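Q: the sequence isn't on hand, but the structure is:
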């Protein structure tokens, strides 16, 4: 790829900053972490484009601006322990790991789990634990931040209940074509506050909880 640094700079300045991502820590991280090294080799020319990148198995990497808005919304600190549902290529895992104390990332597809492991190892990231399993309806443990990398028609309550007081959850909720990106904060034990950030449409999480559908 020609002039990777310029392409990464353009991604930040032309896609991410105009989408209300103004947190200097997030912008700096996106400028430094090598997104092109987390995409499938045949897709490297598309690494900085304003588009989803297919990873196979019905999974895609989000548009860079959605990754950036999610990171900003989670307001991560160096003592935070994070749960990521859906490792994908490991790029978002890597971003999270640079802002938090530790990331537990769960991937259901063995091939993607292996791909993420390889990519994170190549970047020498040691504060992320990758697990192979199905976390679409929850995962054991208590966390300061949780992010679901696929959409869910309805949000399982188990995720909110896995937040520590003050914890934040980022999830894209709803059915295509109109889904809502939300950040849910645990304001006190058993108390939650939800804010809708934007509308989008992303691939669903495998085995996501389904709502009751009426059949006429």
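A: Received it, and whenever you're ready, just let me know what you need. Computed from a prediction, not measured in an experiment: that's the story for all the values here.
Q: state the pLDDT value of the residue sitting nearest the centre point of the chain.
A: For the chain, the residue nearest the mean C-alpha position is residue 149 (4.4 Å; CA atoms, centre = their mean). As predicted, residue 149 sits at a pLDDT of 97.
Q: for it, phi and psi?
A: Phi and psi for residue 149, reported as degrees, to the nearest 10, are phi -90, psi 0.
Q: which ones are touching the residue nearest to it when sequence neighbours are not counted?
A: Nearest residue to residue 149, sequence neighbours excluded (CB to CB, 6 or more residues apart in numbering): residue 86, at 3.6 Å. C-beta coordinates here come from the backbone N, C-alpha and C atoms, glycine included. Contact analysis of residue 86 by CB atoms under 8 Å, 6 or more residues apart in numbering lists 59, 105-108, 135, 148-150, 205.
Q: and if you look at residue 169?
A: With contacts defined as CB under 8 Å, 6+ apart, residue 169 is in contact with 145-148, 159-160, 163, 183-186.
Q: among the residues you listed, which one lies nearest to residue 20?
A: Using CB to CB, residue 183 comes nearest to residue 20 of the contacts of residue 169, at 13.4 Å.
Q: burial measure for that closest one, as a count.
A: As a burial measure, residue 183 scores 21 neighbours (other CB atoms under 10 Å).
Q: ditto for residue 18
A: Neighbourhood size, residue 18 [other CB under 10 Å]: 9.
Q: hmm, who's touching stretch 108-115?
A: For stretch 108-115, using CB under 8 Å, 6+ apart, the contacting residues are 55-57, 59, 86-90, 107, 130, 132-136, 206-207.
Q: just the buried members of those?
A: When the contacts of stretch 108-115 are checked for burial by 16 or more other CB atoms under 10 Å, the buried set is 55, 59, 86-90, 107, 130, 135-136.
Q: with distance to residue 8, pLDDT and secondary structure added, can I get those in CSV?
A: Formatted as CSV, these follow (distance: CB to CB, whole Å; pLDDT from 0 to 100; DSSP: H, G, I helix; E, B strand; the rest coil):
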residue, distance to residue 8, pLDDT, secondary structure
55, 20, 96, strand
59, 23, 94, strand
86, 24, 98, coil
87, 22, 98, coil
88, 19, 97, coil
89, 16, 98, coil
90, 18, 98, coil
107, 25, 98, strand
130, 25, 98, strand
135, 30, 97, coil
136, 32, 96, coil
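Q: how about these in TSV, adding distance to residue 38?
A: Converted to TSV, the buried ones among the contacts of stretch 108-115 look like this (distance: CB to CB, whole Å):
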residue	distance to residue 38
55	10
59	13
86	14
87	11
88	8
89	4
90	6
107	14
130	14
135	20
136	22
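Q: for the closest residue to residue 131 other than its chain neighbours, give me its contacts.
A: Of all residues not flanking residue 131 in the chain, residue 106 sits nearest, at 4.7 Å (CB to CB, 6+ apart). Neighbour list for residue 106: 83-87, 130-135, 139 [criterion: CB under 8 Å, 6+ apart].
Q: which residues touch residue 26?
A: By CB under 8 Å, 6+ apart, the neighbours of residue 26 are 68, 71-72, 99.
Q: if you set the cut-off to 7 Å instead, what comes out?
A: By CB atoms under 7 Å, 6 or more residues apart in numbering, the contact list for residue 26 reads 68, 71-72.
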